[in-house]
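Undergrad: What would the 3D arrangement of this be:
(one chain, ligands or ions: 1)
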Amino acid sequence: MKQNLFLPSGYHLEFWAAGNGFFRINIDGKTVWQVPSFAPQPEFFKYHHREACEVNIVTNAPEAVLWAYGYQPQTVNETGITVFEFSEEGILRRTGAEIEDWLRSDPDRPALHFSPIRHWMNDPVGLCMIGERWHLFYQFHPGGSDWGPMHWGHATSRDLCTWLHMPVFLHPEQNLWRLGATGGAFSGNAFRDRDGSLMFSYTERLPAYDLFKGYREIQNIARPDRRTIKVESIVTVLEQRPAGVEHDFRDPKVWWDDAANAYRMILGASIDGDPAVLLFGSGDLLEWQYLGPLYRAPVNFREEGARAVECPDFFRLEDKWVLVMGFVGHIEPTTRRHNLLYALIGEFTNDRFVPDTPELQLLDFGTDYYAMQSFEAGERQIAFAWLFNWEYRKPEGSAYSGELSLPRVLSLSEDKKKLCMLPAIEVEENYVAIPVARDQRGDYRLPSAPIEIRLSGPLQGSKLVATQGGELAFEVSVADGILSVRLAQDDGSIDYVAQLCDAEDLCLFHDRGIVEIFADGGAICGTRRGYRNINPDHLGISASASVQVLERQPK
Ligand code: FRU
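TA: Residues are numbered from 1 along each chain as shown. Sure thing, here's the model as predicted:
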């Protein structure tokens, strides 16, 4: 394949490639940059173009290029990246709205939920707002649509709903593919240092040859460049694990703590086999002291398979502190659900977290709301989570894997006993609402589009059944105060249920296999991701509550 392209001065081309072949950039018949031969494993390459001119790109292995994009640092914050798709026919380039149209042309890709253009995504990380822009980073594997060496992907938005795709922000320390290892730049957060500069914390898992044990995880602090395009400098600040803490030692959340007049960091880990959250303190971000466990899970979690805490989140909300955790490996014994997140509400004084009650709140009764990360923005605490659990996969051959939840705003229930989550107002503002039906029971046709269903009034006895050509997409029902949800893939071995309290309001989004349910003012949430690609064309409703069905489309 040969193609002439005009590249402006200062242009960056970044790509990952694996296979057999070469790649050359020629100017006026002379090779100015090349990869003489790709390796069998993926490898990262970057070309920096100096003077505006036409180049000739030549490769005998376009299929070896796994993921490629170009950008100009001066303008990428406005334009986003240009995606380069290599094929025998040449290079197809797409930017901004062209990328959006291209993604929307995939009938199986959710329209209201963020997904990567290509390849594997997991946890949302480093969430923050800079000026007028929301920044979303995410665990990303640019080498394929399965989990692998971890990078930080990046996207920005002005409205929390439509996203501009940005260059990969953070890379693993070593070429893990070539080592035959996994690991890399794991999850972490964004925070402001004492002087107000934006910084990131994250875990680097050093090259690992076993997914479940014996690896080493260290904590890094990173400073971004002035345009927030790439990490500019990285310092390793914590390597030693406290006694009793095994290999799981990750997912820092760092913040400047006014009460302590110092930095605080929490990490997900285990202590003598019990999942735990560890608290560290520092005056300068470089030297960290272990201040003790912030939380240690009761012994039943270990007995039920939990190995460690992942992605702990800890934040002030109204006049309380909230701790959110995932227990990796845990299976809830009565319903057989796994991949659940739990929350505790309490007081945090003198570096001690005292929950108001030892009882953990199940944060989402589906099993596809994991690795939630929240961040403070103005008066709001906003959260995204990864809609996935390891039990189910996208069908073979999918261009990407992984979606994020709708942006949710966190609050406390009136009695301050529950953490509540509801879609951010931006969802209402940015997704057009076209009425499909109102106050109607019985059966009717659905458009081939994302939908929102709202019920208000007594929910007891309600049932919503969405089907395509008679095949089940999802069923949601309320009986004896229990809300339950069922998808086509369910064989009945797991119960997706929640006990309602008020049972007076319910709102449900369906977006190409994603079901997000909010009930009891957001105190009960349930998220499921089905991969059967069933797009309901028919909805049966029996309910005494008042009903509203809306078609939802990005503007
Ligand atoms: C959670 C998690 C984190 C880790 C990251 C690695 O999904 O396992 O604990 O940092 O994903 O991709």
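
Undergrad: Skipping adjacent residues, who's closest to Leu412 in space?
TA: Nearest residue to Leu412, sequence neighbours excluded (C-beta to C-beta, 6 or more residues apart in numbering): Glu318, at 5.3 Å. (Glycine included, C-beta is placed from N, CA and C.)

Undergrad: can you give me phi and psi for that neighbour?
TA: Reported as degrees, to the nearest 10, the phi and psi values for Glu318 are phi 50, psi -130.

Undergrad: from memory it sits against Leu419, does it?
TA: No - the pair Glu318 / Leu419 is not scored as a contact, 10.7 Å apart, by C-beta atoms under 8 Å.

Undergrad: quick one: which of those two has more around it?
TA: Leu419 (26 against 12; other C-beta atoms under 10 Å).

Undergrad: partner residues bridging that one?
TA: Leu419 has these beta-bridge partners by DSSP bridges: Leu412.

Undergrad: from what I can see it touches Leu363, true?
TA: Yes - counting by C-beta under 8 Å, Leu419 touches Leu363, with 6.7 Å between them.

Undergrad: I'd like the distance between Val58 and the ligand.
TA: 36 Å (C-beta to the nearest ligand atom, to the nearest Å).

Undergrad: actually Ala61, not the one I typed
TA: 29 Å.

Undergrad: and if you look at Ile218?
TA: Where the ligand is concerned, Ile218 sits at a distance of 12 Å (C-beta to the nearest ligand atom).

Undergrad: quick one: contacts for that residue?
TA: 203-204, 206, 236, 238-239 (C-beta atoms under 8 Å, 6 or more residues apart in numbering).

Undergrad: one step back: could I get the pLDDT score of the residue nearest to Leu412?
TA: Among the per-residue scores, Glu318 shows a pLDDT of 97.

Undergrad: Over to Leu112?
TA: 97.

Undergrad: Wait, a strand at it?
TA: No - checked against DSSP: H, G, I helix; E, B strand; the rest coil, Leu112 lies outside a strand; its state is coil.

Undergrad: Next, count neighbours for it.
TA: 23.

Undergrad: swap in Phe169?
TA: 25.

Undergrad: The strand or helix carrying Gln3: which residues count as buried?
TA: Under the criterion of DSSP states H and E, Gln3 resides in strand 2-7. Across strand 2-7, burial judged by 16 or more other C-beta atoms under 10 Å covers 3, 5, 7.

Undergrad: How about stretch 542-555?
TA: Buried-residue list, stretch 542-555, by 16+ other C-beta under 10 Å: 543, 545, 547-552.

Undergrad: next one: stretch 59-68
TA: Neighbour-count burial for stretch 59-68 [16+ other C-beta under 10 Å]: 59, 61-62, 64-68.

Undergrad: One more: stretch 142-149?
TA: Neighbour-count burial for stretch 142-149, counted by 16+ other C-beta under 10 Å, picks out 142-145, 147-149.

Undergrad: In TSV: these, plus pLDDT, distance to the ligand and secondary structure.
TA: Output for these, formatted as TSV (pLDDT from 0 to 100; distance: C-beta to the nearest ligand atom, whole Å; DSSP: H, G, I helix; E, B strand; the rest coil):
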residue	pLDDT	distance to the ligand	secondary structure
Pro142	98	13	coil
Gly143	96	14	coil
Gly144	95	14	coil
Ser145	94	14	coil
Trp147	97	7	coil
Gly148	97	9	coil
Pro149	98	10	coil
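
Undergrad: between the residues you listed, which is nearest Ile331?
TA: Using C-beta to C-beta, the shortest approach to Ile331 within those belongs to Trp147, at 20.5 Å.

Undergrad: Was I right to think the closest one contacts Met121?
TA: No - the criterion here is C-beta under 8 Å, and Trp147 misses it with Met121 at 9.6 Å.

Undergrad: still on that earlier bit, nearest to the ligand among the contacts of Ile218?
TA: Thr203 (5.7 Å; C-beta to the nearest ligand atom).

Undergrad: bridging residues for the closest one?
TA: Gln219.

Undergrad: my guess is it meets Asp248, correct?
TA: No - judged on C-beta under 8 Å, Thr203 makes no contact with Asp248 at a distance of 10.0 Å.

Undergrad: anything in contact with each of those two?
TA: By C-beta under 8 Å, 6+ apart, the residues touching both Thr203 and Asp248 are Glu217.

Undergrad: what's the top helix by length along the chain in contact with?
TA: The single longest helix within the chain, with elements called by DSSP state H, is helix 97-104. With contacts defined as C-beta under 8 Å, 6+ apart, helix 97-104 is touched by 80, 83, 94, 109, 111, 115, 117, 162, 165.

Undergrad: hmm, 10 Å instead?
TA: Contacts to helix 97-104, defined as C-beta atoms under 10 Å, 6 or more residues apart in numbering, come from residues 69, 80-83, 85, 92, 94, 109-111, 115-118, 162-165, 399-400, 553-554.

Undergrad: mind saving the C-alpha coords of that helix as PDB?
TA: In PDB, the C-alpha atoms belonging to helix 97-104 read as follows (Å, rounded to 0.1, in the frame of the first residue of the first chain):
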ATOM      1  CA  ALA A  97     -18.100  14.300  13.300                       C
ATOM      2  CA  GLU A  98     -16.900  11.800  10.700                       C
ATOM      3  CA  ILE A  99     -15.800   9.600  13.600                       C
ATOM      4  CA  GLU A 100     -19.200  10.000  15.300                       C
ATOM      5  CA  ASP A 101     -21.100   9.100  12.100                       C
ATOM      6  CA  TRP A 102     -18.900   6.100  11.600                       C
ATOM      7  CA  LEU A 103     -19.500   4.800  15.100                       C
ATOM      8  CA  ARG A 104     -23.200   5.400  14.800                       C
END
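
Undergrad: gap between that helix and the chain center?
TA: 20 Å (C-alpha atoms, centre = their mean, to the nearest Å).

Undergrad: and what of stretch 371-379?
TA: Mean-position distance between stretch 371-379 and its chain equals 13 Å (C-alpha atoms, centre = their mean).

Undergrad: close to the ligand, is that stretch?
TA: Yes - residues of stretch 371-379 are located near the ligand by C-beta under 6 Å from any ligand atom, namely Ala371.
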